[in-house]
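Participant: Output the structure for:
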Amino acid sequence: MLDLQPTTSDFLRDAIAGLSSSPRTLPCKYFYDERGAALFRQICEVPEYYITRAETEILATDGEEIAALLGPRCEIVGLGTGGGRKTRALLAQLAEPVAYMPVDVDKESLATSATQLSTAMPTLEVLPICADFLEEFTLPEPSRKGDRIVVYFPGSTVGNLEPEPACHFLERIAKMAGRGGALLIGVDLQKPPEIIERAYNDAAGVTAEFNLNLLVRANRELGADFEVANWAHRAVYNALEGRIEMHLISAARQTVRLGTEQFGFEEGENIITEYSYKHSRNGFIALARSAGFEFRRLWTDRQELFGLFYLIVPD
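Facilitator: Take a look at the predicted model:
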């Protein structure tokens with residue numbers, strides 16, 4: 001494994017910067033410690049959260065066509081592929097894939113899924129990279145050169161980026177794939193706000209626990225003193241911006257220590273932990289084009305809640 005996992009000092013620096021800003025934030029990339037990753041897997045199974053089911057449906061229904069467009073002997077780079085179930089479904093459809101390079105910040109899940117995939121597909125070279133895929137990193141060289149690089153970015157994580165950073169991120173992916181390469185990317189589509197809000201406020205409270213676990217992690221790893229019982233989860237859809245906004249709401253007037261800093265919060269004051277933009281078909285195509293991609297194909301589930309976009313880097 002290529003180990004570029006972010007350090008505790010990165011977390012502390014980013015947390016202090018976020019809580020010192022206006023509005024106050026904590027970066028969503030730190031959701032995924034071991035407990036956070038396990039909670040997210042639970043979120044994917046709750047009835048209100050449609051994204052995983054929709055994407056799985058697309059891969060099952062349209063996997064043969066997707067594989068034909070990606071072509072034989074690909075090098076697949078998987079960004080944030082987690083446990084790898086959807087990636088395994090994709091790889092099983094491909095003709096002679098030569099290498100799979102999963103990139104994820106959760107080292108334990110990455111190691112487990114890479115081992116399982118190597119066992120299931122012994123002819124496939126698996127080269128895991130523990131890294132924050134939003135930052136610059138260099139891909140390892142497979143022992144065999146593929147015909148093209150295809151970046152697979154499942155889920156809807158691109159929605160966590162505001163428009164300008166999203167464009168810069170897609171530009172980096174285009175550079176990574178290179179001329180003739182491609183991107184297969186999951187995008188949460190615009191839909192009635194009540195469907196979106198239910199997905200981020202599930203009745204079982206798993207998303208709330210996932211959100212609050214960010215404070216638990218800060219206490220454990222950074223020596224912070226968040227009183228977790230004094231914070232509540234809230235997720236609301238901002239129709240003007242076209243995004244869901246996840247917040248942690250202070251239930252009392254309180255002071256929190258973090259490193260050498262102290263931060264005061266009034267009752268009702270919030271910390272933003274995540275934005276998740278919901279894109280229109282044409283809006284996302286325009287964003288991808290501005291980053292250097294050409295649009296080739298879109299697959300959706302039957303309810304058109306979620307889309308898999310196939311984009312290429314022109315020769």
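Participant: in the stretch 51-200 of the chain, what spans have low per-residue confidence?
Facilitator: 82-83 (pLDDT under 70).
Participant: residue ranges for the strands of it, please.
Facilitator: 74-79, 99-104, 125-126, 129-131, 148-153, 182-188 (DSSP state E, counting those that start in this stretch).
Participant: can you list those in TSV and add mean neighbour count?
Facilitator: C-betas here are computed from N, CA, C, even on glycine. As requested, the strands of the stretch 51-200 of the chain are arranged in TSV below (neighbours: other C-beta atoms under 10 Å):
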stretch	mean neighbour count
strand 74-79	25
strand 99-104	25
strand 125-126	19
strand 129-131	22
strand 148-153	23
strand 182-188	24
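Participant: Would you convert those strands into TSV that also reports distance to Leu215?
Facilitator: Formatted as TSV, those follow (distance: least, C-beta to C-beta, whole Å):
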stretch	distance to Leu215
strand 74-79	27
strand 99-104	23
strand 125-126	35
strand 129-131	24
strand 148-153	28
strand 182-188	26
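Participant: of those strands, which approaches Gly63 most closely?
Facilitator: Of all those, strand 182-188 sits nearest to Gly63, with 11.2 Å by C-beta to C-beta.
Participant: tell me the angle of that closest one relative to strand 148-153?
Facilitator: Counting by axes from the mean of the first three to the mean of the last three C-alpha atoms, to 10 degrees, strand 182-188 lies at 10 degrees to strand 148-153.
Participant: so strand 182-188 versus strand 74-79, what angle?
Facilitator: Using the same axes, to 10 degrees, strand 182-188 lies at 30 degrees relative to strand 74-79.
Participant: before we move on, back to that, the strands of the stretch 51-200 of the chain: which one's closest to Glu65?
Facilitator: strand 182-188 (11.8 Å).
Participant: Touching that closest one from outside, list them.
Facilitator: The contact list for strand 182-188, computed with C-beta atoms under 8 Å, 6 or more residues apart in numbering, reads 51, 55, 66, 70, 90, 148-159, 170, 173-174, 177, 276-279, 284, 288, 293, 296, 305-313.
Participant: Just the C-alphas of that strand, formatted as CSV.
Facilitator: Provided in CSV are the C-alpha atoms of strand 182-188 (Å, rounded to 0.1, in the frame of the first residue of the first chain):
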residue,chain,number,x,y,z
ALA,A,182,-12.0,8.6,-19.1
LEU,A,183,-14.0,9.4,-16.0
LEU,A,184,-17.1,7.4,-14.8
ILE,A,185,-18.6,9.5,-12.0
GLY,A,186,-21.6,9.3,-9.8
VAL,A,187,-23.7,12.5,-9.4
ASP,A,188,-26.7,13.0,-7.2
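Participant: Tell me how far it lies from the chain's centre.
Facilitator: 11 Å (C-alpha atoms, centre = their mean, to the nearest Å).
Participant: And stretch 196-216, by the same measure?
Facilitator: The chain centroid and the centroid of stretch 196-216 are separated by 16 Å, computed with C-alpha atoms, centre = their mean.
Participant: Would you map the helices across the stretch 101-250 of the chain?
Facilitator: Along the stretch 101-250 of the chain, the stretches classed as helices by DSSP state H, counting those that start in this stretch are 107-120, 163-177, 193-199, 206-222.
Participant: ok, and which of the ones you listed has the densest surroundings?
Facilitator: Highest mean neighbour count of the helices of the stretch 101-250 of the chain: helix 206-222, a mean of 20 (counted as mean count of other C-beta atoms under 10 Å).
Participant: OK, contacts around the residue nearest to Asp104 when sequence neighbours are not counted?
Facilitator: Using C-beta to C-beta, 6 or more residues apart in numbering and skipping residues adjacent in sequence, the residue nearest Asp104 is Leu110, 4.5 Å away. Applying C-beta under 8 Å, 6+ apart to Leu110 gives the contacts Met1, Pro102, Asp104, Pro128, Cys130.
Participant: Gln42: which of the residues you listed is nearest?
Facilitator: Of the contacts of Leu110, the one sitting nearest to Gln42 (C-beta to C-beta) turns out to be Asp104, at 17.6 Å.
Participant: So which residues make contact with stretch 237-254?
Facilitator: Contacts to stretch 237-254, defined as C-beta under 8 Å, 6+ apart, come from residues 26, 28, 159, 190, 193, 196-197, 200, 211-212, 214-215, 227, 229-236, 264-279.
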